[in-house]
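Engineer: coords please:
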Amino acid sequence: VVSADHGSEELNPRHISVQATKKTPRPFTSADIHEHNKKNKEHFLAVIDGFVCDCTDFVTNEKSHHPGGIKKLLSSNNARIGATGTDFGFSFTRGRNAHFPTTARSFHEGVKAYLEGKGDSKSDNVKHLVPQKVQFETYGNIVIIGQLVVDKEQSSVLTSTRKTLNS
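Structural biologist: Numbers count the residues shown, from 1 in each chain. A predicted model of the protein is given here:
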């Protein structure tokens, strides 16, 4: 924690425990995210605490705004911004860019709802969890759409992550 007014470690999504579902988070590689953001100037994906989030609302909606400014938001995937010192290491609860507890709590609750399949489609042939919208007070929203994996062939990382989350 950067200071007492920032999100605490207990709000980090690593500490979420949920019942296992048949569906898994959609896997994204770093190359997927780089390619997407390069092609789509008005559609921005960011990785927050390992989860891939569609942050387009903050980029395109005039009523939404990131308190730190659009430049700060668009640099969130950069190694210099995150908590780990590597690309895609941004965290709401760790590092010098940790956010206030209400933001960290909203994201924590959104990740939990996502992993629990809240609002999930009733269809059994859908392989991945349905995206989960997270509203940040009056600032805007993001949509959790998947999870960062090292490599698509190693998407078993998702399975082991879910087992860890469930233990």
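Engineer: helices along this protein, start to end?
Structural biologist: With DSSP state H, the ranges of helices along the chain come out as 30-39, 56-60, 70-74, 101-116, 156-166.
Engineer: buried deepest among those helices, which one?
Structural biologist: With neighbours defined as mean count of other CB atoms under 10 Å, those peak in mean count at helix 101-116, which reaches a mean of 21. Every residue, glycine included, has its C-beta placed from N, CA and C.
Engineer: and it, how far out from the chain middle?
Structural biologist: 9 Å (CA atoms, centre = their mean, to the nearest Å).
Engineer: next one: stretch 40-54
Structural biologist: 7 Å.
Engineer: contacts only, for the spatially closest residue to residue 117 that is not a sequence neighbour.
Structural biologist: Spatial nearest neighbour of residue 117, chain neighbours left out: residue 21 (4.7 Å); criterion: CB to CB, 6 or more residues apart in numbering. Applying CB atoms under 8 Å, 6 or more residues apart in numbering to residue 21 gives the contacts 115, 116, 117, 120, 129.
Engineer: and the gap between residue 21 and residue 134?
Structural biologist: Going from residue 21 to residue 134 by CB to CB, to the nearest Å gives 19 Å.
Engineer: show me where this protein has its strands.
Structural biologist: 27-28, 45-48, 51-54, 132-136, 140-148 (DSSP state E).
Engineer: what's the closest of the helices of the chain to residue 86?
Structural biologist: helix 30-39 (9.6 Å; CB to CB).
Engineer: middle-most residue in the chain, spatially?
Structural biologist: residue 51 (3.3 Å; CA atoms, centre = their mean).
Engineer: pLDDT at that one, what is it?
Structural biologist: Model confidence at residue 51, given as pLDDT, is 94.
Engineer: wait, it sits on residue 111?
Structural biologist: Yes. The criterion here is CB atoms under 8 Å, and residue 51 meets it with residue 111 at 6.0 Å.
Engineer: need the overlap of contacts for the two.
Structural biologist: Counting by CB under 8 Å, 6+ apart, the residues touching both residue 51 and residue 111 are 13, 144.
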